[in-house]
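>>> The following comprises the amino acid sequence and a computationally predicted model.
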There are 2 protein chains.
Amino acid sequence: MLSKAQIKYIVSLQHKKYRQKFGQFVAEGDKIVQELLQDHRDVKAVFATREWLLDHRELAESAAAVDIQEVEPAVLKQLSSLSTPNQALALVNIPKAPPLQMEGAVTLALETIQDPGNMGTIIRIADWFGIRQIVCSPDSVDAYNAKTIQATMGSIMRVPVIVQDIPALLDKFPKVASYAATLHGDNIIHTKTIREGIILVGNESRGLSEEVLKRSSHHITIPRTGHAESLNAAVATGIICGRLLI
Amino acid sequence: MLSKAQIKYIVSLQHKKYRQKFGQFVAEGDKIVQELLQDHRDVKAVFATREWLLDHRELAESAAAVDIQEVEPAVLKQLSSLSTPNQALALVNIPKAPPLQMEGAVTLALETIQDPGNMGTIIRIADWFGIRQIVCSPDSVDAYNAKTIQATMGSIMRVPVIVQDIPALLDKFPKVASYAATLHGDNIIHTKTIREGIILVGNESRGLSEEVLKRSSHHITIPRTGHAESLNAAVATGIICGRLLI
């Protein structure tokens, strides 16, 4: 049974401050907990309903190093930060980000992405296209918040996310080509496939800052043939990856 | 002031049944209400806080045919179906869908899309790329629910959404090329730009049904170079449009 202190600890991880202090985060959801257990190096504990544990007995038994505990749905609800709590929840160590590797690799750099769902969806896109690493500006939504984690569908464990100022990143690697997504750049259909470089995506309403735009070697635009004012940031990231990386 | 009956009526429109019965829907949110007022043919009424009306006085005055009412934030909260209610809400006539036009046009056909956010984001993508019409299977999430409307960012008024069985649609237009998104089709990078045809996207977990796949003239796939198991349905739609339509 979970002690009050344990519950308090897990709930505290809903706040970025405590995630950073303790180096752990909580992943909620049937699918993501399954994925985490399959490759369980960083999973410390799983809390799940009896029903879920019966349904995934083999998987749970294969992860002998993980502390797996049956909990009542009411306790799971207490632990959850989501409005519709799930059947399973995992306590996971935040993976240590490896040093940046820019040569021969594609990096995705995000400036001030605010929506946790967008952030998670973008991490999933990066994982699909084999992007080496994601760099987020310090004012972006935290990659380890529950909604983001859920939207990554497990990709959070495969794509390193590094927090760093984006203009500083561009200053540090001036020779690496950088592709800034804007509404007034060159049509992406004229950009050749890349194997190295930095793809830059900005805030949902304001886009990239002037500081980033003036440091970028290329400005690229998804041509509009209809009437929508803009595209969702995650969708735009997907479309750009679908033109530049394949 | 809003009467109890009016409040009851607006709240009833949270249900698809009543939206269909009365031919109206509710759009919530600052940005979308602004967009709707700019082209206000189908807007019947706007309910907004005093603050919002002061901020958008010119816009409100320009829409003389619209019944614009100031309401208390508490009333707005009563009317809202969203967890974070907005400053403004509009009552809008569901536009009449024009007859399907397949010749010389691109159609997006959606089978069993379940997530309202995905549906709205896809409608916005269709609007960006100038897609003529969207056909949804009857078991898809309703295009006029509040979360979908919010995610369309106004595009719902520009892209006709028609509810129809997808295999029946394909049977009706056997000569129109159809492009089914699957995990095991031809690499999309080999598909040329199209000016006519049906792009088919399926359910978030199961994809397209066998009934649809066997009726499609092309099976297309976004090649994976990384490790994610799948892509978000709206992101996949965006990537496909970004290869086939530009």
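That came through fine. Numbering: from 1, shown residues only, chains lettered A, B, ... in the order given.

>>> Tell me how chain A divides into domains.
A:4-93, A:106-244 (automatic domain parsing).

>>> A strand includes residue A:184, no?
Yes - counting by DSSP: H, G, I helix; E, B strand; the rest coil, residue A:184 is part of a strand.

>>> Please name the residues that touch it.
A:219, A:221 (C-beta atoms under 8 Å, 6 or more residues apart in numbering or on different chains). C-beta coordinates here come from the backbone N, C-alpha and C atoms, glycine included.

>>> Could you do the one 10 residues further on as well?
For residue A:194, the contact set (C-beta under 8 Å, 6+ apart) comprises A:106, A:177, A:179, A:244-245.

>>> could these be laid out in JSON lines, adding secondary structure?
What follows is the contacts of residue A:194, written out as JSON lines (three-state DSSP):
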{"residue": "A:106", "secondary structure": "strand"}
{"residue": "A:177", "secondary structure": "coil"}
{"residue": "A:179", "secondary structure": "strand"}
{"residue": "A:244", "secondary structure": "helix"}
{"residue": "A:245", "secondary structure": "coil"}
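
>>> Where do the helices of chain A begin and end?
A:4-12, A:16-22, A:30-38, A:50-55, A:57-62, A:73-79, A:116-128, A:146-152, A:166-172, A:210-213, A:233-244 (DSSP state H).

>>> Now the second one: buried residues?
Residues A:18-19 are the ones in helix A:16-22 that count as buried (16 or more other C-beta atoms under 10 Å in any protein chain shown).

>>> Output the contacting helices and strands for it.
Counting contacts by 3 or more C-beta pairs under 8 Å, 6 or more residues apart in numbering or on different chains; DSSP states H and E, helix A:16-22 is packed against helix A:4-12.

>>> So which bits of the helix it packs on are buried?
With burial defined by 16+ other C-beta under 10 Å, the residues of helix A:4-12 counted as buried are residue A:10.

>>> Please work out which residues outside it touch it.
Contacts of helix A:4-12 (C-beta under 8 Å, 6+ apart): A:18, A:22, A:26, A:47, A:75, A:78-79, A:81, A:89, A:91.

>>> In chain A, where is pLDDT below threshold?
For chain A, no stretch has pLDDT under 70.

>>> Single out the most deeply packed of the domains of chain A.
domain A:106-244 (a mean of 20; mean count of other C-beta atoms under 10 Å in any protein chain shown).

>>> So what's the gap between that one and the chain middle?
12 Å (C-alpha atoms, centre = their mean, to the nearest Å).

>>> Quick check: end-to-end length of that domain?
End-to-end distance for domain A:106-244, by C-alpha to C-alpha, to the nearest Å: 10 Å.

>>> hmm, back to that, residue B:61 is nearest to which of the domains of chain A?
When the domains of chain A are compared by C-beta to C-beta, domain A:106-244 sits nearest residue B:61, at 22.8 Å.

>>> who are the neighbours in contact with the nearest residue to residue A:221 once chain neighbours are set aside?
Once flanking residues are discounted, residue A:221 sits nearest to residue A:185: 4.2 Å by C-beta to C-beta, 6 or more residues apart in numbering or on different chains. Under the criterion of C-beta under 8 Å, 6+ apart, the neighbours of residue A:185 are A:218-221.

>>> and the gap between residue A:185 and chain B?
From residue A:185 across to chain B, the span is 14 Å (C-beta to the nearest C-beta, to the nearest Å).

>>> and that residue, how far is that from residue B:138?
Shown here: residue A:185 relative to residue B:138, a distance of 41 Å by C-beta to C-beta, to the nearest Å.

>>> List the contacts of residue A:93.
Contact analysis of residue A:93 by C-beta under 8 Å, 6+ apart lists A:23-24, A:42-44.

>>> As JSON lines, the residues you listed with distance to chain B would be great.
Listed next are the contacts of residue A:93 as JSON lines, based on distance: C-beta to the nearest C-beta, whole Å:
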{"residue": "A:23", "distance to chain B": "24"}
{"residue": "A:24", "distance to chain B": "23"}
{"residue": "A:42", "distance to chain B": "16"}
{"residue": "A:43", "distance to chain B": "18"}
{"residue": "A:44", "distance to chain B": "23"}
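
>>> now for the residues you listed, which pair is the farthest apart?
It's A:23 and A:43 that sit farthest apart of the contacts of residue A:93, by C-beta to C-beta, at 13.6 Å.

>>> I'd like the helices of chain A laid out as TSV, including distance to residue B:202.
Formatted as TSV, the helices of chain A follow (distance: least, C-beta to C-beta, whole Å):
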stretch	distance to residue B:202
helix A:4-12	36
helix A:16-22	36
helix A:30-38	18
helix A:50-55	25
helix A:57-62	27
helix A:73-79	31
helix A:116-128	17
helix A:146-152	20
helix A:166-172	36
helix A:210-213	37
helix A:233-244	17
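
>>> For residue B:228, find the nearest of the ones you listed.
That would be helix A:116-128 among those, by C-beta to C-beta, at 3.9 Å.

>>> Tell me which residues touch the closest residue to residue A:222 other than its chain neighbours, please.
Of all residues not flanking residue A:222 in the chain, residue A:239 sits nearest, at 5.3 Å (C-beta to C-beta, 6+ apart). By C-beta under 8 Å, 6+ apart, the contact set of residue A:239 is A:188, A:222, A:231, B:238-239, B:241-242.

>>> what bridges to residue A:107?
Legend: beta-bridge partners of residue A:107 under DSSP bridges are residue A:133, residue A:198.

>>> Repeat that for residue A:25.
Beta bridges link residue A:25 to residue A:92, judged by DSSP bridges.

>>> what's the answer for residue A:48, then?
Beta bridges link residue A:48 to residue A:70, residue A:88, judged by DSSP bridges.

>>> right, and it touches residue A:85 too?
No - using C-beta atoms under 8 Å, residue A:48 is not in contact with residue A:85; the gap is 11.5 Å.

>>> Determine the residues that are contacts of both of the two.
Shared contacts of residue A:48 and residue A:85, counting by C-beta under 8 Å, 6+ apart, come down to residue A:76.

>>> Nice, that's everything, thank you.
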